[in-house]
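Undergrad: prediction below, plus the sequence it came from.
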Amino acid sequence: MLRISISRGLVATCAGLLIAGCDQAAAPPPGQDPAALAPLASHHAGALTATRLVTGLDEGSGSAIGPDGALYVPEPQAGRISRVDPKSGAVTTFASGLPKSLFEDPGNGGVLDVAFVGRTAYALVDGVASDLGGNDVVGIYRIDGPTSFTVVADLGEYALRNPPPPPISYFVPTGWPYAMEPYKGGFLVTDGHFNRVLKVSLDGDITNVIQFGNIVPTGLAVSGNTVYMAEAGPIPHLPENGKVITFGMKSPSATVVASGARLLVDVEFGHGRSLYALAQGFFTPGHGEGTPAEPNTGSLVKVNPNGTFTVITEGLNQPTSLEFIGNDAYVVTLGGEIWKIDNALR
């Protein structure tokens with residue numbers, strides 16, 4: 001459900017997320033030579049193989065499973081949301097006419113995520129307001145029809161009136177809402193620039209649930225009143241800063257569930273309480289803010305009870321979002337592809 005280009009970088013940041021206070025390392029940490037991380041020739045680990053289900057989307061972003069069991073994926077460059085048949089890979093347009101990304105480079109705003117409340121779809125749109133040269137609303141849009149929609153929550157206006165506290169620095173006043181997850185008839189939304197999680201009602205009421213330091217919040221998963229969240233970590237996105245954390249709706253702080261995966265961009269539940277995360281991969285120190293992870297270094301990982309991760313599938317090419325249907329995983333990529341991993345929940 002989330003996506004990270006880690007290329008959201010014209011407006012630039014640390015994980016391409018318009019992050020505040022991102023400190024770059026001058027050189028790769030010991031033992032982390034980029035040359036040693038050559039792209040993998042195939043997308044598999046052990047008996048699991050990822051096969052390409054869809055190609056040709058106009059950039060890949062977040063995702064959701066709709067009430068009909070299909071996969072719904074935003075295409076930021078086109079300003080639309082597509083419906084994907086998870087068996088055949090057939091793609092049809094579900095909604096179009098939403099604000100497009102203002103920039104040609106992938107990952108720089110537009111419609112970034114989609115979620116359902118009942119049978120109604122909602123889109124998360126950012127990077128389109130006047131502070132970046134646009135004239136649209138940064139917020140949550142209700143999809144009313146194939147080419148019609150209504151803004152139900154103005155997240156950009158909230159950001160203007162409620163900037164993050166010092167010492168968090170920022171330079172996009174409307175923030176950078178990144179991912180949303182349905183929660184009790186509304187949504188939870190991560191803001192990767194302001195480093196916080198918001199609670200948003202369908203009436204447009206917005207409250208700040210929890211404020212972080214410079215950790216780069218990305219994807220979300222919810223179980224009851226407990227929230228699980230992925231952290232990409234600041235540049236240079238070291239493995240120890242790629243974390244899954246948990247917090248309650250009234251918690252003043254969060255608890256680390258697992259750490260050690262590179263540049264985490266999403267988190268999802270499998271069967272029961274099993275938890276999985278999506279890592280975009282190796283970020284080369286010294287590259288500019290907003291640069292994606294190196295090609296073919298991403299991975300699907302499982303959270304272990306001892307706080308570590310087990311790699312399920314590796315060699316993924318700049319993945320942005322993760323969903324499960326049955327035992328199979330579906331991974332959306334920045335380049336506009338969807339990969340299916342059979343029996344990922346084994």
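TA: Happy to help now that I have it.
Undergrad: by mean pLDDT, point me to the weakest helix or strand of this protein.
TA: strand 44-45 (a mean of 43; mean pLDDT, DSSP states H and E).
Undergrad: show the subsequent helix or strand relative to it.
TA: Following strand 44-45 in sequence order, the next helix or strand is strand 48-54 (DSSP states H and E).
Undergrad: each with direction, which strands does the helix or strand following that following strand pair with?
TA: Later in the chain than strand 48-54, the nearest helix or strand by DSSP H and E is strand 64-65. Sheet pairing for strand 64-65, assigned by DSSP bridges, gives strand 71-75 (antiparallel).
Undergrad: tell me the average confidence for stretch 193-206?
TA: Stretch 193-206 shows a mean pLDDT of 97.
Undergrad: output it as CSV, nothing but the C-alphas.
TA: Coordinates of each C-alpha in stretch 193-206 appear next as CSV, following Å, rounded to 0.1, in the frame of the first residue of the first chain:
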residue,chain,number,x,y,z
HIS,A,193,8.6,15.2,5.1
PHE,A,194,7.2,16.2,8.4
ASN,A,195,7.9,12.8,10.0
ARG,A,196,4.5,12.1,11.5
VAL,A,197,1.3,10.1,11.3
LEU,A,198,-2.0,11.8,11.0
LYS,A,199,-5.6,10.6,11.7
VAL,A,200,-8.0,11.8,9.1
SER,A,201,-11.8,11.5,9.1
LEU,A,202,-14.0,11.5,6.0
ASP,A,203,-15.4,14.8,7.2
GLY,A,204,-12.0,16.3,6.8
ASP,A,205,-11.0,16.4,10.5
ILE,A,206,-7.2,15.9,10.9
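Undergrad: what comes up buried for it?
TA: 193-201, 204, 206 (16 or more other Cβ atoms under 10 Å). For the C-beta atoms, the positions are set from N, CA and C on the backbone; glycine is no exception.
Undergrad: can you check stretch 103-115 too?
TA: Buried-residue list, stretch 103-115, by 16+ other Cβ under 10 Å: 103, 105-115.
Undergrad: closest one of the buried residues of stretch 193-206 to Arg142?
TA: Gly204 (10.7 Å; Cβ to Cβ).
Undergrad: was I right to think the closest one contacts Ala153?
TA: Yes - shown here, Gly204 and Ala153 form a contact pair, counting by Cβ atoms under 8 Å, at 4.7 Å.
Undergrad: ok, now which ones touch Val114?
TA: Contacts for Val114 were tallied using Cβ atoms under 8 Å, 6 or more residues apart in numbering; they are 62-64, 72-74, 81, 121-124.
Undergrad: ignore what I typed, I meant Gly69.
TA: 86, 325.
Undergrad: angles on the backbone of it, please.
TA: Dihedral pair for Gly69: phi 80, psi 0, per degrees, to the nearest 10.
Undergrad: what spatial separation is found between it and Asp85?
TA: For Gly69, the distance to Asp85 (Cβ to Cβ, to the nearest Å) stands at 9 Å.
Undergrad: ok, Ala95 next?
TA: Distance from Ala95 to Asp85, by Cβ to Cβ: 17 Å.
Undergrad: between the two, which has more neighbouring residues?
TA: For Ala95 versus Asp85, neighbours defined as other Cβ atoms under 10 Å are more numerous around Ala95 (24 against 15).
Undergrad: show me what contacts the more buried one?
TA: 80-81, 121, 123, 143, 145-147, 149.
Undergrad: go again using 6 Å as the cut-off
TA: 81, 143 (Cβ atoms under 6 Å, 6 or more residues apart in numbering).
Undergrad: one more: Phe247?
TA: 210, 227, 254.
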